[in-house]
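Enquirer: model this:
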Amino acid sequence: MAFNLAFEAMGLPWRWSADYYGPLLHVTGGHDRLMHDMAQRPDASAGLAERQALARELHLRKNALYAAQAAGIACSITRSAFFVRDRYPGAAWARPDPDAPTAMTLDTIRQCLSVKISPS
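Expert: Next up, the predicted model:
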(Lines give C-alpha, C1' and ligand atoms only; values in the text may rest on other atoms or scores of the structure.)
Protein backbone atom coordinates (compact mmCIF):
# COMPACT_ATOMS: atom_id res chain seq x y z
CA MET A 1 0.00 0.00 0.00
CA ALA A 2 1.46 3.32 -1.10
CA PHE A 3 0.41 5.18 2.06
CA ASN A 4 2.41 2.73 4.18
CA LEU A 5 5.45 3.25 1.96
CA ALA A 6 5.06 7.01 2.37
CA PHE A 7 4.83 6.63 6.16
CA GLU A 8 7.98 4.53 6.13
CA ALA A 9 9.83 6.97 3.85
CA MET A 10 9.05 9.78 6.30
CA GLY A 11 10.19 7.72 9.29
CA LEU A 12 6.70 7.38 10.74
CA PRO A 13 5.72 4.18 12.57
CA TRP A 14 2.14 4.33 11.24
CA ARG A 15 0.73 1.54 9.08
CA TRP A 16 -2.74 1.20 7.62
CA SER A 17 -3.97 -2.38 7.40
CA ALA A 18 -6.79 -3.28 5.02
CA ASP A 19 -9.16 -3.47 8.00
CA TYR A 20 -8.08 -0.03 9.23
CA TYR A 21 -8.10 1.55 5.75
CA GLY A 22 -11.62 0.37 4.85
CA PRO A 23 -13.44 2.78 7.18
CA LEU A 24 -11.04 5.58 6.20
CA LEU A 25 -12.44 5.37 2.67
CA HIS A 26 -15.56 7.12 3.98
CA VAL A 27 -13.36 10.23 4.07
CA THR A 28 -12.86 11.37 0.48
CA GLY A 29 -9.45 12.41 -0.79
CA GLY A 30 -6.07 11.26 0.42
CA HIS A 31 -5.14 14.56 2.08
CA ASP A 32 -8.42 14.72 4.03
CA ARG A 33 -8.10 11.04 4.91
CA LEU A 34 -4.65 11.71 6.36
CA MET A 35 -5.94 14.71 8.31
CA HIS A 36 -8.80 12.63 9.71
CA ASP A 37 -6.41 9.87 10.75
CA MET A 38 -3.91 12.25 12.36
CA ALA A 39 -6.68 13.96 14.35
CA GLN A 40 -7.24 10.63 16.09
CA ARG A 41 -3.57 9.72 16.68
CA PRO A 42 -1.98 10.64 19.99
CA ASP A 43 1.46 10.46 18.33
CA ALA A 44 0.58 12.99 15.59
CA SER A 45 1.46 16.65 15.96
CA ALA A 46 -1.13 18.62 17.92
CA GLY A 47 -0.74 21.71 15.73
CA LEU A 48 -3.07 22.03 12.76
CA ALA A 49 -0.43 23.70 10.55
CA GLU A 50 2.06 20.91 11.24
CA ARG A 51 -0.53 18.22 10.49
CA GLN A 52 -1.51 19.96 7.26
CA ALA A 53 2.12 20.22 6.15
CA LEU A 54 2.73 16.57 6.99
CA ALA A 55 -0.47 15.48 5.21
CA ARG A 56 0.58 17.43 2.08
CA GLU A 57 4.04 15.84 2.06
CA LEU A 58 2.71 12.35 2.76
CA HIS A 59 0.09 12.68 0.03
CA LEU A 60 2.69 13.85 -2.51
CA ARG A 61 4.96 10.94 -1.60
CA LYS A 62 2.07 8.47 -1.71
CA ASN A 63 1.11 9.67 -5.19
CA ALA A 64 4.69 9.36 -6.43
CA LEU A 65 5.07 5.89 -4.93
CA TYR A 66 1.74 4.77 -6.36
CA ALA A 67 2.70 6.07 -9.81
CA ALA A 68 6.03 4.22 -9.61
CA GLN A 69 4.27 1.00 -8.62
CA ALA A 70 1.72 1.39 -11.41
CA ALA A 71 4.47 2.07 -13.96
CA GLY A 72 6.31 -1.05 -12.80
CA ILE A 73 3.19 -3.16 -13.24
CA ALA A 74 2.50 -1.59 -16.62
CA CYS A 75 6.09 -2.27 -17.68
CA SER A 76 5.79 -5.91 -16.66
CA ILE A 77 2.57 -6.30 -18.61
CA THR A 78 3.96 -4.46 -21.63
CA ARG A 79 7.19 -6.47 -21.65
CA SER A 80 5.20 -9.69 -21.35
CA ALA A 81 2.94 -8.69 -24.22
CA PHE A 82 5.90 -7.89 -26.48
CA PHE A 83 7.57 -11.18 -25.50
CA VAL A 84 4.42 -13.12 -26.47
CA ARG A 85 4.03 -11.09 -29.68
CA ASP A 86 7.63 -11.78 -30.67
CA ARG A 87 7.49 -15.44 -29.67
CA TYR A 88 4.18 -16.08 -31.48
CA PRO A 89 4.20 -13.76 -34.49
CA GLY A 90 1.00 -15.23 -35.97
CA ALA A 91 -1.11 -14.43 -32.91
CA ALA A 92 -3.97 -11.98 -33.39
CA TRP A 93 -3.77 -8.78 -31.34
CA ALA A 94 -6.79 -6.64 -30.66
CA ARG A 95 -7.88 -4.21 -27.98
CA PRO A 96 -11.54 -4.39 -26.95
CA ASP A 97 -11.89 -0.64 -27.55
CA PRO A 98 -9.14 0.72 -29.80
CA ASP A 99 -10.20 4.30 -28.98
CA ALA A 100 -9.98 3.84 -25.21
CA PRO A 101 -7.19 5.84 -23.60
CA THR A 102 -4.43 3.92 -21.87
CA ALA A 103 -2.96 4.73 -18.48
CA MET A 104 0.57 4.60 -19.87
CA THR A 105 2.37 7.71 -21.04
CA LEU A 106 4.83 7.73 -23.92
CA ASP A 107 7.67 8.03 -21.40
CA THR A 108 6.43 4.94 -19.53
CA ILE A 109 6.26 2.98 -22.76
CA ARG A 110 9.80 4.07 -23.66
CA GLN A 111 11.03 2.92 -20.23
CA CYS A 112 9.28 -0.42 -20.65
CA LEU A 113 10.71 -1.01 -24.09
CA SER A 114 14.22 -0.17 -22.97
CA VAL A 115 14.31 -3.36 -20.87
CA LYS A 116 15.67 -6.28 -22.88
CA ILE A 117 13.57 -9.41 -22.69
CA SER A 118 15.11 -12.82 -23.15
CA PRO A 119 12.99 -15.76 -24.38
CA SER A 120 14.37 -18.03 -21.66
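Enquirer: Next, count neighbours for the spatially closest residue to Gly30 that is not a sequence neighbour.
Expert: Closest residue in space to Gly30, ignoring its immediate chain neighbours: His59 at 4.7 Å, by C-beta to C-beta, 6 or more residues apart in numbering. C-beta: built from backbone N, CA, C; applies to glycine. Residues lying near His59 (other C-beta atoms under 10 Å) number 19.
Enquirer: do the same with the one 5 residues further on
Expert: Applying other C-beta under 10 Å, we find 14 residues neighbouring Ala64.
Enquirer: Which residue is the nearest non-sequential neighbour of Asn4?
Expert: Nearest residue to Asn4, sequence neighbours excluded (C-beta to C-beta, 6+ apart): Arg15, at 5.1 Å.
Enquirer: hmm, who's touching stretch 33-50?
Expert: 3, 13-14, 16, 24-25, 27, 51-52, 54-55, 58-59 (C-beta atoms under 8 Å, 6 or more residues apart in numbering).
Enquirer: Would you reformat those as CSV and include secondary structure?
Expert: Compiled in CSV, those are given as follows (DSSP: H, G, I helix; E, B strand; the rest coil):
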residue, secondary structure
Phe3, helix
Pro13, coil
Trp14, coil
Trp16, coil
Leu24, helix
Leu25, coil
Val27, coil
Arg51, helix
Gln52, helix
Leu54, helix
Ala55, helix
Leu58, helix
His59, helix
